[in-house]
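In: Okay, sequence plus prediction incoming.
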Amino acid sequence: MSIHSSAVVAEGAVVPDSCTVGPFSTIGPDVVLGENCKLISHVVLEGRTLIGARNVFHPFCAVGVAPQDLKYGGEPTALMMGDDNTIRENVTISRGTAEGGGTTRIGSHNLLMASAHVGHDSEVGSHCILANAATLAGHVTIEDYATVGAFSPVHQFCTVGRYAFIGGGTIVTQDVLPFSLTSARRENKAFGINKIGLARRGFSTERLHTLQKAFRLLLAAKMNTSQALEKIRELDGEDAALLAAFIERSGRGVIK
C-alpha cells in the first residue's frame, strides 16, 4: 500500500494494498475503496462511500460529502460508485438524503471533468461525460452514454436520456430526449439526433435512419406529441420503442 505520510486515513476505512493515496488526502471511517484506486493529492472521501476498482481522483475533489440540502440532518446516507471512473479537479459529489432514497449512484467508465457537481440522490449511468462545471441538482438521472456540456445546470428531478448530447451553457429544466442533440442557441431546443456521437458508439446506418424518422415525426411534423408517439410506435427497432417509452414516462415534459 502506498499512503503518503501527510494523508489521513481514518480507522475503519477499507483501503486495499493496491491503492495509492497521495499527499494531504483524507479518507473517512466509512469509506470502502476497491482495488487499484488512485488518489493523486488533496482528495476528500467522506461518509458511507462505496467505491469500485480502478477509479482515479484528481486534486481537490470532494466525494461522498454531505448533501447541500437544508433538510439534511446528518442521517447515515450513502454514495455508491462503480469502476474505472475519472474524477477531475474540484469535482463535488454529494451523498443521498433520507427523503430522496438515501443513495447517490455513479456507474462505471465515466469522466467527470473539472468543477462538475453531482447533487444528492442523483444517478449517473455508465460511459457518461460531465464536462467542466456541469452541475446536477438533486434527484437528477443521467442515463448511459449521455454527455452534459460545460456550464450546463440540470434542474431537480430531470432525466437526461441515453446517448443524449447537451451543448455547453444549456439550462436544462425538462427531460432531455434520448439520442438527441439538445442545445441553447437562443432558447433550449432539440435539434435532431446526436448523429456523430451515435455513429462513434457503433450505431448502424439503419438505426440512425430509423431515429431520424422518429425525430422528424416528433420535432418537424405538424402533429402534437400524442399523434407523433402513435407514428413512432409504428417504426421498427428497439430505439424507437425506447424513445416513445421515455416520452410517455416523463414527469417534467421533454425539450422539443
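Out: Arrived safely, thanks for sending. Being a predicted model, the structure only gives us computed values, none of them experimental.
In: And the helix or strand of the chain with the lowest mean pLDDT, what's buried?
Out: Every helix and strand in the chain was compared by mean pLDDT, DSSP states H and E; the lowest is strand 188-193, with a mean of 82. Neighbour-count burial for strand 188-193, counted by 16 or more other C-beta atoms under 10 Å, picks out 188-190, 192-193. Placement of C-beta: from N, CA and C, glycine included.
In: got it, and stretch 170-187?
Out: Quick answer for stretch 170-187 (16+ other C-beta under 10 Å): 170, 172, 174-184.
In: Enumerate every residue touching L208.
Out: 193, 195, 198-199 (C-beta atoms under 8 Å, 6 or more residues apart in numbering).
In: For the residue nearest the centre of the chain, give me its contacts.
Out: Nearest residue to the geometric centre of the chain (C-alpha atoms, centre = their mean): V124, 3.2 Å. By C-beta under 8 Å, 6+ apart, the residues touching V124 are 105-107, 110, 118, 130, 136, 142.
In: Dump the buried residues of strand 188-193 to CSV, plus distance to T210.
Out: Shown next, in CSV, are the buried residues of strand 188-193 (distance: C-beta to C-beta, whole Å):
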residue, distance to T210
N188, 25
K189, 22
A190, 17
G192, 13
I193, 10
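In: Can you pick out the most distant pair from those?
Out: Spanning the widest gap among the buried residues of strand 188-193 are N188 and I193, at 16.6 Å by C-beta to C-beta.
In: that older thread, of the buried residues of stretch 170-187, which belong to helices?
Out: Using DSSP state H, no member of those falls within helices.
In: picking up where we left off before, tell me which helix or strand comes right after the least confident helix or strand of the chain.
Out: Remark: after strand 188-193, the chain's next helix or strand is helix 195-200, criterion DSSP states H and E.
In: Most neighbours among the contacts of V124, please name it.
Out: Tallying neighbours with other C-beta atoms under 10 Å puts I142 at the head of these, with 31 neighbours.
In: List the beta-bridge partners for it.
Out: Beta-bridge partners recorded for I142 (DSSP bridges): V124, V160.
In: what sits against it?
Out: Contacts of I142 (C-beta under 8 Å, 6+ apart): 122-125, 128, 130, 136, 148, 154, 159-160.
In: Need the max-distance pair from these.
Out: L130 and T159 (14.9 Å).
In: all strands of the stretch 101-250 of the chain, in order?
Out: Assigned by DSSP state E, counting those that start in this stretch, the strands in the stretch 101-250 of the chain fall at 103-106, 111-112, 117-118, 123-124, 129-130, 135-136, 141-142, 147-148, 153-154, 159-160, 165-166, 180-184, 188-193.
In: As TSV, those with distance to K38 would be great.
Out: Formatted as TSV, the strands of the stretch 101-250 of the chain follow (distance: least, C-beta to C-beta, whole Å):
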stretch	distance to K38
strand 103-106	16
strand 111-112	15
strand 117-118	20
strand 123-124	20
strand 129-130	20
strand 135-136	24
strand 141-142	24
strand 147-148	24
strand 153-154	28
strand 159-160	28
strand 165-166	29
strand 180-184	34
strand 188-193	37
